[in-house]
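Asker: one predicted model, sequence on top.
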Amino acid sequence: MINLKTIAAAAAFTLAAIAPAAALDNSSVLGALFQQPDFRTERAAPAETRELVAAPQGYGPGTILVDTPNRHLYLVGDNGQAMRYAIGVARAGFEWGGDMRVGRKAEWPAWTPPAEMLKRRPDLPKFMKGGEDNPLGARALYLYTAAGKDSIFRIHGTNEEATIGEAVSSGCIRMMNDDVVDLYSRVRVGTRVVVLRDNANANWAIAKRSKF
C-alpha cells in the first residue's frame with residue numbers, strides 16, 4: 001500500500017532541498033516522484049532504502065554529508081529533515097575525508113579508470129561506455145576540490161548493488177541505481193559534499209536516527 005504521508009513528506013523535502021526559491025507546484029513534484037524510474041534488480045538485496053530522518057546538526061540545507069563508517073549518505077533539507085541513503089564506501093587503505101563540491105553531473109556516465117587503478121588492475125578496460133554494465137551505474141556526481149580540481153572520486157550508481165553497505169571501493173561512494181537517480185535529481189553542480197572518514201566525526205549519525 002502506498003503511504004501518502006511519506007510521499008507528501010518526500011515531496012515537501014524535494015521542494016526545500018532542490019529549489020527553495022522556485023515557484024514549484026506540489027502536484028508536479030508528486031507526479032515526478034510517482035514517475036521516478038526504478039532501477040532495482042534481483043541482484044540487489046539492501047537492508048534498507050532511502051528515508052526521511054532527522055538532519056545532522058551543523059550543515060546547511062542542500063549539503064550532502066557522507067557518513068563513511070556508518071555507510072550512509074545524507075542530503076540535508078529544511079525543517080530539520082534529511083534524506084538518508086544506504087551507500088558502499090572505500091575499502092581499508094582507501095578511506096578518505098574532506099570538503100568537496102559537485103563539479104559536474106552525468107547520466108549513464110562513461111568510465112575511464114584512473115591510471116593508479118589501471119596499475120593495480122591491468123585487466124580493466126581503459127574505457128567503458130555508459131550503460132547497465134558500467135561500474136558507475138545510472139548517474140554520477142563528480143567531486144571537485146574547492147580550488148576546482150577533480151578529486152577523481154565520484155558518487156555514483158553501480159552494477160554490483162549487493163555491495164551497498166560494504167567497504168569495497170577504491171574511494172568512490174556507491175549507491176543503488178534508483179537512489180543515485182533520486183539524489184541526482186535533487187542536487188545541482190556546486191553542491192557542497194562533506195565526507196566524514198571516521199566515527200569520531202560521525203557521532204551525530206548514531207544520535208540522530210529518529211524517523212519522521
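Answerer: That came in fine, so what should we check first?
Asker: could you point out which element follows the helix or strand of the chain with the lowest mean pLDDT?
Answerer: Lowest by mean pLDDT, DSSP states H and E among the helices and strands of the chain is helix 26-34, with a mean of 32. Using DSSP states H and E, the next helix or strand after helix 26-34 towards the C-terminus is strand 51-54.
Asker: mind listing what's buried in that following strand?
Answerer: Burial within strand 51-54, assessed by neighbour count using 16 or more other Cβ atoms under 10 Å, is assigned to 52-54. The way it works is simple: take the backbone N, C-alpha and C, and place the C-beta from them, glycine included.
Asker: mind telling me what element residue 141 is part of?
Answerer: With DSSP H and E as the criterion, residue 141 is inside strand 139-144.
Asker: in its sheet, what does the following helix or strand past that strand sit against?
Answerer: Downstream of strand 139-144, the next assigned helix or strand under DSSP H and E is strand 150-156. Next to strand 150-156 in the sheet, as set by DSSP bridges, lie strand 139-144 (antiparallel), strand 173-175 (parallel).
Asker: export these to a markdown table and tack on mean neighbour count and mean pLDDT?
Answerer: A markdown table is the format used below for these (neighbours: other Cβ atoms under 10 Å; pLDDT from 0 to 100):
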| stretch | mean neighbour count | mean pLDDT |
| --- | --- | --- |
| strand 139-144 | 23 | 97 |
| strand 173-175 | 28 | 95 |
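Asker: as TSV, those strands with distance to residue 121 would be great.
Answerer: Formatted as TSV, the strands paired with strand 150-156 follow (distance: least, Cβ to Cβ, whole Å):
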stretch	distance to residue 121
strand 139-144	19
strand 173-175	17
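Asker: of the ones you listed, which approaches residue 81 most closely?
Answerer: Nearest to residue 81, of all these, is strand 173-175, at 19.2 Å by Cβ to Cβ.
Asker: and the next element down the chain from that closest one?
Answerer: Trace forward from strand 173-175 with DSSP H and E and the next one is helix 177-186.
Asker: got the angle for that following helix vs strand 150-156?
Answerer: Inter-element angle recorded for helix 177-186 and strand 150-156: 120 degrees (by axes from the mean of the first three to the mean of the last three Cα atoms, to 10 degrees).
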